[in-house]
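Colleague: next come a sequence and a model predicted from it.
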Amino acid sequence: MLQKTPIFPSATEPTRGGLRPLLALRFALREMRGGLRGFFVFLACIALGVAAIGGVNSVARSISAAVDSQGQEILGGEIRFRLTQREANDAEKAWIASLGTVSESASMRSMAQREDGSNQALVEVKAVDGAYPLYGSLVTDPPLDHETLFGERDGAFGAVAPSLLLDRLGIRVGERVKLGRGLFEIRAVLVTEPDAVSESFGFAPRLMVSLDGLKAAGLIQPGSLFQYAYRVKLAEPPSGSNALKSLRNQASKLFPQAGWNVRTFENAAPSLSSNVERFSQFLTLVGLTALVVGGVGVANAVRAYLDSKRSVIATFKSLGASGNFVVLVYLLQIMLIALVGIAAGLALGAMMPFGAQAALQQLLPIPSEVGFYPRALALAAVFGILTTLAFALLPLGRARDVPATALFREMGFEARGWPRKTYVVAALAIAVALALLAIFHAQERRIATIFVVSAVCAFLVLRLVGDLVQTIARHAPRVRSTALRLAIGNIHRPGALTPSVVVSLGLGLTLLATLALIDGNLRRQIGDRLPDVAPNFFFVDIQPHEIEDFSMLVERELPGKLIRVPMLRGRVVELNGKDTRNLKVAPEGEWVLRGDRGITYSATVPENSTLVEGEWWPENYDGEPLVSFSAQEGKELGLKLGDTITVNVLGRNITARIANFRRVEWETLAMNFVMVFSPNTFAGAPHAWLSTLTAENATPEEESRLLNAITRAFPTVTSIRVKDALDVVNELVSQLSTAIRAAASVALIASVLVLSGALAAGSKARVHDAVVLKTLGATRRMLVRAFAYEYLLIGLATAIFGLLAGAVASWYVVARIMKLSWTMLPEVAVGTVALALVLTVVFGLIGTWRVLGHKAAPVLRNL
Amino acid sequence: MKTHVIELKNVSLRLGEGASSVQVLRGVTLQVERGHSTAIVGPSGSGKSTLLMVMAGLERIDSGEVWIAGQRTDQLSEDAMASFRGRTIGIVFQSFHLIPNMTALENVAVPLELAGHPDPFSVAEQELAAVGLKDRVTHYPGELSGGEQQRVAIARALAPQPAIIIADEPTGNLDQTTGRQIADLLFSTAAERGTTLVLVTHDPALAARCDRQVTMRSGQIIDAPSPATANGE
């Protein structure tokens, strides 16, 4: 029996207040019974972006975790003291030895030559003692003990080298090479050097010998460029960072003039860690771009879904649901679907470190340490949620205002225009939160800010470009071609594909064009321009007594412009009496204070330099030590004329006053120094000479002949062929750009997904149009032409914008940040336009082909 | 003493903007008594459906007053009106407007759930039984015939025990036989519960079954005779 009395006491009094989220969730789940149809692009875009961010950060954390957990092995000890151009003195050695077990090593760059002198190669020499390695193990093939590997036998010391060097020299294990004045027998192939990551970047393959062997080679001479390192396995394991810090302080206090670089295992490979961090943050931004591009897909999918739900929304309202309740029901659905995408993305991202393991093993000789990194994945999930919210709120806001009256009038439910202010403000606030998260997550916030601002500008401008294209189409004069007229009509009619295609494809194309132009310009600089202006050779470690003979030999073998300068290594330890370790300087200028810098002295202004401020010292100047500083770096460090600089050279602190600033043309790769001192500063200090040779029309054969002759005559002089060094850099740039392009392609895939989604969403309207036009006499051919024109025009407009925006962005990076020359590269321009046209026309026509196949009758019945 | 469950006083409404705007209602005054059935008839575009929307609080009026079940509704906020409507007015549409992803039972339970009823599904089940769909509770709208869908819609409209049912061409999408069955159901359940019924129809036979016929033309009521008895003439 039904109740006869009203079941609610007062009609206007709500029985329960608020939004009732549980009820909304119940309704949302019921509404989702229809499945996730129409959400493929939404899911794919979110999953892709989240996977990219989660994956990149997980891989970065796996590297950091490996560096952190294997600090001792990577550093080769708990603490390492490194000295440049000198061995530790007895007092320093005694103190280091008192700390625990010590392993001593020396490293330098030199030339290895075949025993018969027929071939030579640049090598990174590392000489080790019997205690090496204190942590980890040196892996060689065959595995041999220290004495067998490096000991003296039949007049030759032992050495190990990676197969790369053996291949380069064309020798095998058991054969001999000359190093300096010594003879070395290759006893095994070097497979793993446990502490390689903590060493400086190597331009050349390793040649590992013993300390005795290195001494016998005669390479350690006053003024030559070598480093000594003392790694310590502490007698008492350190009880925390404070113990290591106090040890470091003790070292500075006991030996203030030592000028050593002290590193602890807690920060075993700082440059690797910071590069990995920087690279991962850059890739995170690229991943975020993919997510934002995908956001357009999210917005399209949400709009299409809510459009299909408008009668349901109106029904809910007519049954007593408030507007906010309706929004909550659909917001919950969208978020549930987003969570499916995010979960898929996280699963992919979490697997990435496992997938990257093999590739990383080749790049970084760190024992792999892969696992799950919840923080990296959480960051990706937050980015995913914020992106979904930012892009879903506006369509949801529009859904809130679906009028229930539409149910009575049996009219369409299309709602365009802006939703209520609350939704616009909320969407903006979430977009700002997204941007802030991206910026604050980044170490280099300035670059992240530029990236975010550029992305926002590109987004807004693309919206305007979309509108502009539609406005132009609307006002275009009537053309004779029916197909073209239809195409132009399609571009501007309500619900046209133009805005979503322009925005989604435009963002992906802009990113791709930017990266391609940066990469192309860098390669052009390294591959084409630099070899033209750079010298052919650098010669390092020429002893004072060799310099004249050396010059004569060069003159005889390959005449050219030979420049010789004295060369020392020094570390800047104080600026105006303040310890540089405690100074906060602009990031661009940090490199000057980090590690050793080459320094020189000169009575006259060096070549490739122009005095911009101050006076050069007189030729016979003999007063207080003076220094000429590079103007750009001086500005970055906040230096002015009259400031003092203290450098530690050969274990002595020397203070000089800035007499002038020079503009240095670094990009010529000629001999350039940040600091040039007055000659009296280093009077009597032992030093070697550095020399460059520029022989403009030298052939590779002539260069090889000179290299061979110099290595034979001056075995301790290190010759670096600039072309070889540039090849190494080019290879590095190419590896980096491959990684960056791979990341950028994720954004392009997102673009393509959004594009295909937009085309699919538009296909219903297209079926309708096609059928009506066919009944009115249009042929398939004409329809295909009309659609092709439409896609072509939209693709072209997008490509032109993408290219222009990419040009501006890449110009900024290349010309303003990297300070290199920038040119527009025609191949990138053509490539971008072609890619855009292929994507729009091919994807568009694939969708259209289906449309054209539709029979007219079923469509007409439903009109 | 007569009680007016619906009272419209000099209601005017203009829709659209600028030159394309249309005066849809022009000073409409109408009283509907509790428990009576009223048919609103008139040519297309005369303002019948708009008048229903105004009664349901789905359309805001420009001037005049709307009183529903003793409550002045033209001044209620959108959300207060939604809540009021959910419990006071049941609506039956020509195209049924059931929610496709919900079963018949869930569709009927929606207004009860929205109103915070403690046991919506038992009531919904009773309502479906009352409209002869006891065996169809777990069916989705797509699995039901047009007549069955409209029965579900009637059950949904009746479930919160509203004071008023308004129906917009309730038989307009049904064949003659089914239409008659639906009309029978609508009139009998309304009469049984003492629910006021206001419907818009083009069907003279359906209109004739109502206690009273109100004729509209050009946004005005041109004929609103005194209500006949519940049994017809």
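Modeller: Right, received. Where do you want to start?
Colleague: now do the SS call for A:Arg480.
Modeller: Following DSSP: H, G, I helix; E, B strand; the rest coil, we place A:Arg480 in the coil state.
Colleague: any idea how far it lies from A:Thr738?
Modeller: 49 Å (Cβ to Cβ, to the nearest Å). C-beta coordinates here come from the backbone N, C-alpha and C atoms, glycine included.
Colleague: with neighbour numbers in mind, choose between these two.
Modeller: A:Thr738 (11 against 6; other Cβ atoms under 10 Å in any protein chain shown).
Colleague: from B:Ala56, how far off is the more buried one?
Modeller: Distance from A:Thr738 to B:Ala56, by Cβ to Cβ: 64 Å.
Colleague: let's see stretch B:182-189 as CSV, backbone CA atoms only.
Modeller: The C-alpha trace of stretch B:182-189 is given here as CSV (Å, rounded to 0.1, in the frame of the first residue of the first chain):
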residue,chain,number,x,y,z
ILE,B,182,-0.8,5.6,-20.0
ALA,B,183,-3.5,8.2,-19.7
ASP,B,184,-5.6,5.7,-17.7
LEU,B,185,-2.7,5.1,-15.3
LEU,B,186,-2.0,8.8,-15.0
PHE,B,187,-5.5,9.8,-14.2
SER,B,188,-6.2,6.8,-11.9
THR,B,189,-3.1,7.2,-9.8
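Colleague: what sits up against that stretch?
Modeller: Contacts to stretch B:182-189, defined as Cβ atoms under 8 Å, 6 or more residues apart in numbering or on different chains, come from residues B:37, B:92, B:130-132, B:147, B:150-151, B:154, B:158, B:165, B:167, B:170-171, B:174, B:195, B:197, B:199, B:206, B:209.
Colleague: just the buried residues of these.
Modeller: With neighbours counted by 16 or more other Cβ atoms under 10 Å in any protein chain shown, the contacts of stretch B:182-189 contain buried members at B:37, B:92, B:130-131, B:147, B:150-151, B:154, B:158, B:165, B:167, B:170-171, B:174, B:195, B:197, B:199, B:206, B:209.
Colleague: ok, and of those, which contact chain A?
Modeller: B:Ala130 (Cβ under 8 Å from any Cβ of the partner chain).
Colleague: filter the buried ones among the contacts of stretch B:182-189 down to the ones in strands?
Modeller: Among these, the members falling in strands are B:37, B:92, B:165, B:167, B:197, B:199 (criterion: DSSP state E).
Colleague: nearest residue to the third one in space, please, no chain neighbours.
Modeller: Yep, that's B:Ile165 we're talking about. Excluding the flanking residues, the one nearest B:Ile165 by Cβ to Cβ, 6 or more residues apart in numbering or on different chains is B:Gly90, at 4.6 Å.
Colleague: tell me the SS of that neighbour?
Modeller: Once three-state DSSP is applied, B:Gly90 turns out strand.
Colleague: okay if I get the ones in strands among the buried ones among the contacts of stretch B:182-189 as CSV plus distance to A:Leu22?
Modeller: Converted to CSV, these look like this (distance: Cβ to Cβ, whole Å):
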residue, distance to A:Leu22
B:Ser37, 39
B:Val92, 29
B:Ile165, 30
B:Ala167, 32
B:Leu197, 35
B:Leu199, 36
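Colleague: and A:Arg569, what helix or strand is that in?
Modeller: Assessed by DSSP states H and E, A:Arg569 sits inside strand A:561-575.
Colleague: quick one: A:Ser62 and A:Phe372 touch, right?
Modeller: No. Taking contacts as Cβ atoms under 8 Å, A:Ser62 lies outside contact range of A:Phe372: 9.6 Å.
Colleague: who has more neighbours, the two?
Modeller: A:Ser62 (25 against 15).
Colleague: check that one and give its pLDDT.
Modeller: With respect to pLDDT, A:Ser62 has a value of 84.
Colleague: now do it against A:Ala268, distance only.
Modeller: For A:Ser62, the distance to A:Ala268 - Cβ to Cβ - is 16 Å.
Colleague: again with A:Gln257
Modeller: Distance, A:Gln257 to A:Ala268, by Cβ to Cβ: 26 Å.
Colleague: neighbour-wise, which of these two wins?
Modeller: Neighbour totals were compared for A:Gln257 and A:Ala268, and A:Ala268 leads with 25 against 11 (other Cβ under 10 Å).
Colleague: give me every residue that touches that one.
Modeller: By Cβ under 8 Å, 6+ apart, the residues touching A:Ala268 are A:67, A:70-72, A:74-75, A:197-198.
Colleague: any quick ChimeraX command for the buried ones out of the residues you listed?
Modeller: Buried residues among those (16+ other Cβ under 10 Å), as a ChimeraX selection:
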select /A:67,70,71,72,74,75,197,198
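Colleague: closest one to A:Pro395 out of the contacts of A:Ala268, please.
Modeller: The closest of the contacts of A:Ala268 to A:Pro395 turns out to be A:Val67 (Cβ to Cβ; 45.0 Å).
Colleague: how about the contacts made by that closest one?
Modeller: A:Val67 touches A:74, A:197, A:268-269, A:272-273, A:366, counting by Cβ under 8 Å, 6+ apart.
Colleague: residue in chain B nearest to chain A?
Modeller: B:Gly86 (1.8 Å; Cβ to the nearest Cβ).
Colleague: centre of the chain to the longest helix along chain A, how far?
Modeller: The longest helix of chain A (DSSP state H) is helix A:722-775. Chain-centre distance of helix A:722-775: 20 Å, with Cα atoms, centre = their mean, to the nearest Å.
Colleague: cool, thanks, signing off.
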